[in-house]
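Peer 1: here is my input, please return the structure:
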Amino acid sequence: MPERFVAACVQMRSGRDPLANRDAAVAGLRHAAAQGARYIQTPEMTSLLERNRARLFEIVTDEVSDPTLAALCQTARETGTFVHVGSLAVRTGDRVANRAFLIDPQGAIVAAYDKVHLFDVDLPSGESWRESATYVGGSCAVLAETGLATFGLSICYDIRFAALYRGLAEAGAEVLTAPACFTRQTGEAHWHVLQRARAIETGSFMISAAQGGTHEDGRESYGHSLIVDPWGRILAEGGTEPGVILAEIDLALVADARARVPALRNARPFTVERVAARS
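Peer 2: Below you'll find the predicted structure:
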């Protein structure tokens, strides 16, 4: 297994036209590959951002018929890279899955992950999100062993659930991923802290491509795609505009961080004791 490789995030501003989004993703992948990237990640909802549920269901297909997935498999094969599709909306019966795909350099899908934690929230700004009304959540964490590294897959809101990342790291993940479409408000408050915390807690790289800017359906996403090393240092960061960021991944840093702070090894089981203080 190589000790070093170049990773890239393709930051996007996906809209309501899946074919335009597909073409933007392909262009980003080709640009990253030309810069030497061997692993390239796109954001959550690469092919479509659509808040209107009826219109969403008119557009989405199952993964076998999805034109974006087919195009990204072809691009992975043509560029000889691992392509991590942050997620696509794919139909599963009468619901939709928020599904990530890892594609190998031969263009084959080697792993898929359905977002486990669904974003159901009312924000102080008045925004309200109910992912569970449209999407069906996954129930299984996914670890993908490749010739580059062992990757732990997650999506966006998952980043708030530390146990998922600890479990992936304990199972062997060296690189954790959380491609996202973070809202601007929550991103400004929490994005960097959460990404760096997950890296530090587990002694892992954290790679998260993001959506950024104001989208056609009216939402505002935070952007700031990140590549963070196992010590919590930011190696590369995007802004709010579409583009590509790259960083070298040195896997020796994983072992180094875990030796310096052996939190995974030192963890112990515990129980919670409830006490009541009476006045």
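Peer 1: could you use CA atoms for every contact and neighbour count after this?
Peer 2: Will do.
Peer 1: residue 196: neighbouring residues, count only.
Peer 2: For residue 196, the neighbour count with other C-alpha atoms under 10 Å is 22.
Peer 1: from memory it sits against residue 235, does it?
Peer 2: No. Contact status for residue 196 versus residue 235: not in contact, 11.1 Å apart, counting by C-alpha atoms under 8 Å.
Peer 1: who touches both of those two?
Peer 2: Both residue 196 and residue 235 are in contact with residue 228, where contact means C-alpha atoms under 8 Å, 6 or more residues apart in numbering.
Peer 1: ok, then the element right after the longest strand anywhere in the chain?
Peer 2: In the chain, with assignment by DSSP state E, the single longest strand is strand 82-92. Sequence-wise, the next helix or strand downstream of strand 82-92 (DSSP states H and E) is strand 95-103.
Peer 1: contacts for that following strand next, please.
Peer 2: Contacts of strand 95-103 (C-alpha under 8 Å, 6+ apart): 44-45, 73, 76, 82-91, 109-115, 134-138, 153-155.
Peer 1: let's go with 7 Å and repeat that
Peer 2: With C-alpha atoms under 7 Å, 6 or more residues apart in numbering as the test, strand 95-103 has contacts from 73, 76, 82-91, 109-115, 134-137.
Peer 1: of those residues, select the buried ones using a PyMOL command.
Peer 2: Applying 16 or more other C-alpha atoms under 10 Å to the contacts of strand 95-103, the buried members can be selected in PyMOL as follows:
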select buried, resi 73+76+82+83+84+85+86+87+88+89+90+91+109+111+112+113+114+115+134+135+136+137
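Peer 1: show me where the stretch 51-200 of the chain has its helices.
Peer 2: 53-59, 67-79, 162-170, 184-202 (DSSP state H, counting those that start in this stretch).
Peer 1: what's the mean pLDDT across the longest one?
Peer 2: If I follow you right, that is helix 184-202. Per-residue pLDDT values over helix 184-202 give a mean of 97.
Peer 1: in that helix, which residues are buried?
Peer 2: Buried positions in helix 184-202, judged by neighbour count with 16+ other C-alpha under 10 Å: 184-185, 187, 191-192, 194-202.
Peer 1: packing partners for it?
Peer 2: Judged by 3 or more C-alpha pairs under 7 Å, 6 or more residues apart in numbering; DSSP states H and E, helix 184-202 is in contact with helix 162-170, strand 205-208, strand 220-222.
Peer 1: hmm, who's touching the helix or strand that the second one is followed by?
Peer 2: Following the chain from strand 205-208 toward its C-terminal end, the next helix or strand by DSSP H and E is strand 212-214. The list of residues contacting strand 212-214 from outside it, by C-alpha under 7 Å, 6+ apart, reads 12-13, 220-223, 240-242.
Peer 1: pull up the gap between residue 274 and residue 163, please.
Peer 2: According to C-alpha to C-alpha, to the nearest Å, residue 274 stands 22 Å off from residue 163.
Peer 1: same check, this time on residue 4
Peer 2: 27 Å.
Peer 1: re the thing from before, adding distance to residue 105, write the helices and strands packed on helix 184-202 out as JSON lines.
Peer 2: As requested, these are exported to JSON lines (distance: least, C-alpha to C-alpha, whole Å):
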{"stretch": "helix 162-170", "distance to residue 105": "24"}
{"stretch": "strand 205-208", "distance to residue 105": "19"}
{"stretch": "strand 220-222", "distance to residue 105": "30"}
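Peer 1: residue 251 is nearest to which of those?
Peer 2: In terms of C-alpha to C-alpha, the element of the helices and strands packed on helix 184-202 nearest to residue 251 is strand 205-208, at 8.4 Å.
Peer 1: direction included, what does the closest one pair up with?
Peer 2: Applying DSSP bridges to the sheet, strand 205-208 is found paired with strand 175-177 (parallel), strand 226-228 (antiparallel).
Peer 1: can you give me the strands in the stretch 1-150 of the chain?
Peer 2: Taking DSSP state E, counting those that start in this stretch as the test, the strands found in the stretch 1-150 of the chain are 4-11, 39-41, 82-92, 95-103, 109-114, 120-122, 128-130, 142-145, 150-153.
Peer 1: worst mean pLDDT among these?
Peer 2: Across the strands of the stretch 1-150 of the chain, strand 128-130 has the smallest mean pLDDT, namely a mean of 71.
Peer 1: of the strands of the stretch 1-150 of the chain, which is nearest residue 178?
Peer 2: The nearest among the strands of the stretch 1-150 of the chain, by C-alpha to C-alpha, is strand 150-153 at 6.9 Å.
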